[in-house]
Each structure stands twice: as C-alpha cells, then as structure tokens.
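Asks: Based on what follows, work out the 3D shape:
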Amino acid sequence: MYSAITHGIRVTVEPIFLEDQSEPDAAHFVWAYQVTIHNESDEAVQLMRRHWIITDANGAVQEVEGPGVIGVQPVLEPGEVFEYTSGCPLSTASGFMHGTYAMRRSESGDMVDVRVPAFSLDSPHGGHSIH
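Replies: This is a model prediction of the structure:
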C-alpha cells in the first residue's frame, strides 16, 4: 500500500492487477485501485475535484480531471473515512499513477490540494522496472 498525508488528510492506495479483465496478447492490462481517504484534520473537508496523472511503461502520459470521485463529492468530518474503488487500463504491462484531490475546507472555504501518492501498476507480464 502507498500512503501520504497532506493538510491532515491521509490518502492510502492499494492497486490490484486484474488478470481476469486483462488480455496480455492484445496489450490490454487492467488494474483496480482501492483508495482510503481519512480526515485526520480538525475540520470538515469536501472532495471537490480529482486530477490523475497516469504513466505507462513507455512513458506515455494521460491526465484525467473531473469533479469528485466515482460520481460523488464526499464531505468528511474530522475522523471520518471515505473509501472507493476505481480502475485503470493500460496498453503496457506496468506503469504508475499519482495525483491530487482538490478539497474545500468547511470553516474557511479555502481550497487545498491533497496529494495522492505515486503508486505502481505492476502485472506478472513482462519485465518490471522501478518507477
């Protein structure tokens, strides 16, 4: 698992290679990733936007931006946890992802960027490299 804390918000990610949804002979590799967001700060926050940077083993980069995650913009009170699972297909057997969540603090209304740690997308197919 990969974890980072920014502004009192802990983001933990666990990637899982999905062999049953992948087709290595067709250069199609799929991962799920479980994200846990834990508000360890002393005020409520709302996840407003996400920004992902996805890099495959060839160095090709995709960026994904949009409101919320999985169609919601959750509010996390101090001590609360929000979890979700999403997925990522690549045309290479490995890669990595990282990003940020734009969160609004409830008391001040200020927006803060919360770091999503870089995490490896590795499959049992092909060689592995350190990302």
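Asks: any idea of the pLDDT on the closest residue in space to residue 118 that isn't next to it in sequence?
Replies: Distances taken as Cβ to Cβ, 6 or more residues apart in numbering place residue 98 nearest to residue 118, at 3.8 Å, with adjacent residues excluded. Any C-beta I mention is one placed from the backbone N, CA and C, and that applies to glycine too. pLDDT recorded at residue 98 is 98.
Asks: Equivalent analysis for residue 125, please.
Replies: 87.
Asks: Enumerate every residue touching it.
Replies: 22, 24, 29, 93 (Cβ atoms under 8 Å, 6 or more residues apart in numbering).
Asks: Which PyMOL command selects the buried ones in those residues?
Replies: Selecting only the buried entries of those in PyMOL, with 16 or more other Cβ atoms under 10 Å as the criterion:
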select buried, resi 22+29+93
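Asks: Looking at the contacts of residue 125, which two lie furthest apart in space?
Replies: Farthest-apart pair in the contacts of residue 125 is 22 and 93; separation 9.0 Å (Cβ to Cβ).
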